[in-house]
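Participant: what follows is a predicted protein model with its sequence.
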Amino acid sequence: MPLLDRPALLDRLAGIGLLSLDVDGVQTDGGLYYAEDGSELRRFHVHDGQGIKQVMAAGVAVAFVTASTTPAIGHRAARLGVAHAFLGVPDKEAALAGLCQTLGLGLDRVAHVGDDVNDLGLLRLVGCPLTVANARPEVRDACLYVTTTPGGAGAVREICDLILNARTETTRRDVR
C-alpha cells in the first residue's frame, strides 16, 4: 500500500472516530520485563498518554486491542480513562468490529496502529492503517503512514498530534 502524503493523510485522519491501538511494540518498546516473582512489566511513554487524553478530549474514541493479558495494560487504560480495553483478544478483527457496531461507527472511520503480523488482518480492515517506525516490513507495507518515532518512544503521540492537526486544518478549510 503506498504511503499517503501529508495533505491526503490529514484528510483521512480528519474523519476518524476511533483510534485503535495495539500495545506491545506500539505503546511499549516491545520489550518484556520480568520481575523476580515472574510477573511481566511494561514501560509506557508519558507523551503517548498525553496524546491519548487529548484525542479523547477532542471526541475521538480510543481502544486498546491486544492479545496480551498482562494486568498492567488494564491499569494503563484505566489511568488514561480509555473505556475500551480489550486484553487477551484472540480475534482482533471481531473485537474491533463489535466495538464499531456498539459505537455506531463504520470501520472506514477507524485508524488502527499495529506493528507485527498479528495486526495485519485488522490493518487491512480499517479505513486508516498506521504503524510505527520499528514495525515489521510486511506491516509497514500494509499501512498508509509510518511514524518517524519508534513504538514505545512517543509514536502514539505523533499519531495523536496528526489527528488533532487534521481536525484543526479541516475545520479551517471548511470555514473559508
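Facilitator: Nice, I can see it.

Participant: quick one: buried residues of the helix-or-strand element of the chain with minimal mean pLDDT?
Facilitator: Lowest mean confidence among the helices and strands of the chain (mean pLDDT, DSSP states H and E): helix 155-175, at a mean of 83. By neighbour count, with 16 or more other C-beta atoms under 10 Å as the criterion, the buried positions of helix 155-175 are 155-164, 166-167, 169. In short, each C-beta sits where N, CA and C put it, glycine included.

Participant: of those, which is the nearest to residue 2?
Facilitator: For the buried residues of helix 155-175, the minimum distance to residue 2 (C-beta to C-beta) is 17.5 Å, reached by residue 162.

Participant: follow-up on the earlier one: check the offset of the least confident helix or strand of the chain from the chain's centre.
Facilitator: Taking C-alpha atoms, centre = their mean, to the nearest Å, one finds helix 155-175 lying 15 Å from the centre of the chain it belongs to.

Participant: contacting residues for the most centrally placed residue in the chain?
Facilitator: Nearest residue to the geometric centre of the chain (C-alpha atoms, centre = their mean): residue 21, 2.8 Å. Counting by C-beta atoms under 8 Å, 6 or more residues apart in numbering, residue 21 makes contact with 27, 52, 62, 63, 64, 65, 112, 113, 156.

Participant: out of those, which is nearest to residue 96?
Facilitator: Relative to residue 96, the closest of these is residue 65; by C-beta to C-beta it sits at 5.9 Å.
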